[in-house]
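Enquirer: here you go, sequence then predicted model.
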Amino acid sequence: MNKKSIIGGAAGELTNLDMDISTAHKTNTNFWDTIGSEFLGATALPYYGSFVTEEKLQLFGDVANKKLLEIGCGNGHSLKYIIDKGATELWGTDISPMQLERTREFLASNGMNANLICAPMESESGIPKQYFDYVYSVYAIGWTTDLNQTFCNISSYLKKDGIFIFSWSHPIHKCVSVENEELIFRNSYFDEGWYSVAMADKEIMLSNRKLSTYVNALATNGFVIEQMVEETDEDLLNPNLPDDFSKKAEQLPVTFVIKARKL
Ligand SMILES: C[S@@+](CC[C@H](N)C(=O)[O-])C[C@H]1O[C@@H](n2cnc3c(N)ncnc32)[C@H](O)[C@@H]1O
């Protein structure tokens with residue numbers, strides 16, 4: 001089945017497929033090792049995604065003297081944002097060696113550093129257990145091939161009462177497309193299948209997940225939700241430059257953010 005959709009603002013033809021973990025990791029690492037950074041957009045703090053910012057939400061609170069871990073740290077811009085806020089110990093993990101190299105260079109050019117680990121978020125990677133005050137992730141959790149194992153790992157890294165904040169593309173966003181300036185419901189919200197998308201000369205593999213899938217996986221792994229955000233910050237919409245993406249964001253959340261606490 002072919003579907004037209006938008007992932008983080010980038011349009012592509014979707015092809016449904018069966019998921020094999022090592023193929024998904026290889027395909028996605030190849031994307032992030034090469035052209036991925038060209039598609040980053042608003043996926044680094046203070047942005048949680050398009051039209052949603054930490055500056056407005058203030059989900060982190062005071063991070064001075066806290067230990068934080070970022071899952072899928074990309075090229076390190078969110079790590080810098082958190083270091084600028086006064087955190088003392090920063091760790092980042094990512095599946096892509098090239099992304100981590102970019103992080104290293106970016107932080108070094110700002111006189112900063114972090115403990116960086118190259119591993120899939122679903123795997124056991126030697127990250128210390130019951131150690132962190134915060135684990136956070138900006139537009140990376142959705143890349144996991146095993147959501148339950150990923151949340152189980154994250155729970156194990158956090159101290160009791162530690163905070164987990166993450167954002168991802170809102171699942172309703174992929175169900176709707178803009179055609180002739182109208183929003184058309186295109187794909188089933190219930191379809192949690194895997195699909196591949198061509199991005200320039202590369203490919204990515206992702207899965208649809210319902211919001212309840214995230215919420216239930218959090219509950220299963222000992223988290224209680226403190227806040228869930230589904231909104232478009234109207235201050236970030238530019239009425240003078242209405243594009244399809246903004247048109248969508250006027251009527252539905254394109255990003256969701258969850259703040260949860262480990263019990
Ligand atoms: C949108 S980027 C995150 C950008 C990041 N928030 C920043 O501040 O630069 C998503 C990241 O997730 C990483 N990723 C993809 N699949 C992963 C996996 N299974 N485990 C860990 N990281 C993964 C990619 O390599 C990429 O760097």
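Expert: Arrived safely, thanks for sending.

Enquirer: can you tell me the closest non-neighbouring residue to the residue of the stretch 51-200 of the chain found nearest the ligand?
Expert: Evaluated by C-beta to the nearest ligand atom, the stretch 51-200 of the chain has residue 74 as its residue closest to the ligand, separated by 2.5 Å. Where you see a C-beta, it was placed from the backbone N, CA and C, and this is true even at glycine. The shortest distance from residue 74 to any non-neighbouring residue, by C-beta to C-beta, 6 or more residues apart in numbering, is to residue 99 (5.5 Å).

Enquirer: quick one, helices of the stretch 101-250 of the chain?
Expert: Secondary structure of the stretch 101-250 of the chain (DSSP state H, counting those that start in this stretch): helices at 147-157, 211-220, 244-251.

Enquirer: which one of those helices is the most hemmed in?
Expert: helix 147-157 (a mean of 20; mean count of other C-beta atoms under 10 Å).

Enquirer: can you tell me which residues in the stretch 101-250 of the chain are near the ligand?
Expert: Those residues of the stretch 101-250 of the chain that sit near the ligand, judged by C-beta under 6 Å from any ligand atom, are 120, 121, 122, 138, 139, 140, 143, 144.

Enquirer: ok, back up a step: now the residue nearest to residue 74: which helix or strand?
Expert: helix 97-109 (DSSP states H and E).

Enquirer: which residues belonging to that helix are considered buried?
Expert: 98, 99, 100, 102, 103, 104, 106, 107 (16 or more other C-beta atoms under 10 Å).

Enquirer: where does the prediction get shaky in the stretch 101-250 of the chain?
Expert: 239-242 (pLDDT under 70).

Enquirer: residue 183: which of the helices of the stretch 101-250 of the chain is closest?
Expert: helix 244-251 (6.0 Å; C-beta to C-beta).

Enquirer: next helix or strand past that closest one?
Expert: That would be, after helix 244-251 and using DSSP H and E, strand 255-262.

Enquirer: buried residues, stretch 32-42. List them.
Expert: Result for stretch 32-42 [16+ other C-beta under 10 Å]: buried residues 32, 33, 36, 39, 40, 42.

Enquirer: which residues does it contact?
Expert: Under the criterion C-beta atoms under 8 Å, 6 or more residues apart in numbering, residues 8-10, 49-51, 74-75, 94-99, 102, 199-202 lie in contact with stretch 32-42.

Enquirer: kindly report the same for stretch 225-245.
Expert: 6, 9, 48, 50-53, 56-57, 59, 163, 170, 178, 215, 218, 246, 249-250, 252-254, 256-261.

Enquirer: quick one: buried residues of it?
Expert: Buried residues in stretch 225-245 (16+ other C-beta under 10 Å): 229, 232, 233, 237, 245.

Enquirer: start and end of it, how far apart?
Expert: Using C-alpha to C-alpha, to the nearest Å, the end-to-end distance of stretch 225-245 comes out at 29 Å.

Enquirer: surely residue 131 meets residue 154?
Expert: No - applying C-beta atoms under 8 Å, one finds residue 131 not in contact with residue 154, separated by 11.9 Å.

Enquirer: just to revisit the earlier point, of the residues of the stretch 101-250 of the chain next to the ligand - the most surrounded one?
Expert: residue 138 (28 neighbours; other C-beta atoms under 10 Å).

Enquirer: ok, now which ones touch it?
Expert: So residue 138 contacts 43, 44, 45, 47, 48, 49, 70, 72, 74, 78, 166, 167 (C-beta under 8 Å, 6+ apart).
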